[in-house]
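# how would this look folded up:
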Amino acid sequence: MKRFAVLLLASAAAFAASAQDPKIVGKLTEVQGLVTVSTGDQLINASEGTPALEGSRIITTAGGEVTIVFDRGCRIRLRTNQSLTVRDTNDCAAILASVQSLGGVPPVVTGAAGSPSGAAVFGGAAAVLLLVSNNNSSSQVSPN
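Sure thing, here's the model as predicted:
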């Protein structure tokens with residue numbers, strides 16, 4: 001009976017230890033600049049071939065970029081000052097949508113040539129004209 005209890009406890013401990021090990025769901029490629037990977041209480045500098053572990057957070061700093069190649073076929077590119085928490089999912093769009101920008105200015109909508117799009121420029125100009133015209137019409141001078 002004691003032998004069975006010891007065997008049962010050893011099996012439970014081994015199962016618990018293996019359940020805590022994060023699953024490898026891909027790898028990091030095209031690492032440029034400083035890219036860090038945070039998993040649990042560990043923080044490492046990424047290099048070519050670093051495994052992408054379920055639940056880890058990949059962070060790029062100024063000048064850092066990396067591609068995460070998931071075993072399921074997704075390829076996600078993190079640009080400067082972005083982060084991603086790695087999830088094991090078939091939904092590449094959901095992974096892409098979970099990329100976060102860290103600090104800095106949010107992305108600008110651009111046209112094909114990389115300049116602000118005509119709609120954004122026109123919309124901004126229209127808003128300024130509307131504000132100016134509202135201020136002019138509300139500031140009437142008394143005849144006295």
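# Below-threshold pLDDT in this protein: ranges please.
1-20, 104-144 (pLDDT under 70).
# where do the strands sit along it?
Ranges of strands in the chain, per DSSP state E, are 24-32, 35-39, 42-45, 51-53, 57-60, 65-70, 75-78, 82-85, 100-101.
# Need these in a markdown table (columns: mean neighbour count).
(Glycine included, C-beta is placed from N, CA and C.) Converted to a markdown table, these look like this (neighbours: other C-beta atoms under 10 Å):
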| stretch | mean neighbour count |
| --- | --- |
| strand 24-32 | 17 |
| strand 35-39 | 18 |
| strand 42-45 | 11 |
| strand 51-53 | 21 |
| strand 57-60 | 21 |
| strand 65-70 | 19 |
| strand 75-78 | 17 |
| strand 82-85 | 18 |
| strand 100-101 | 13 |
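# Now do the domain split for the chain, please.
As given by automatic domain parsing, the domain ranges for the chain are 22-107, 108-138.
# Could I get the strands of the chain in CSV, plus columns for distance to C92?
CSV is the format used below for those (distance: least, C-beta to C-beta, whole Å):
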stretch, distance to C92
strand 24-32, 12
strand 35-39, 20
strand 42-45, 25
strand 51-53, 14
strand 57-60, 16
strand 65-70, 8
strand 75-78, 8
strand 82-85, 12
strand 100-101, 17
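# Out of these, the one nearest D91 is which?
Each of the strands of the chain has some distance to D91 by C-beta to C-beta; the shortest is strand 65-70, at 10.7 Å.
# what angle separates the closest one from strand 24-32?
160 degrees (axes from the mean of the first three to the mean of the last three C-alpha atoms, to 10 degrees).
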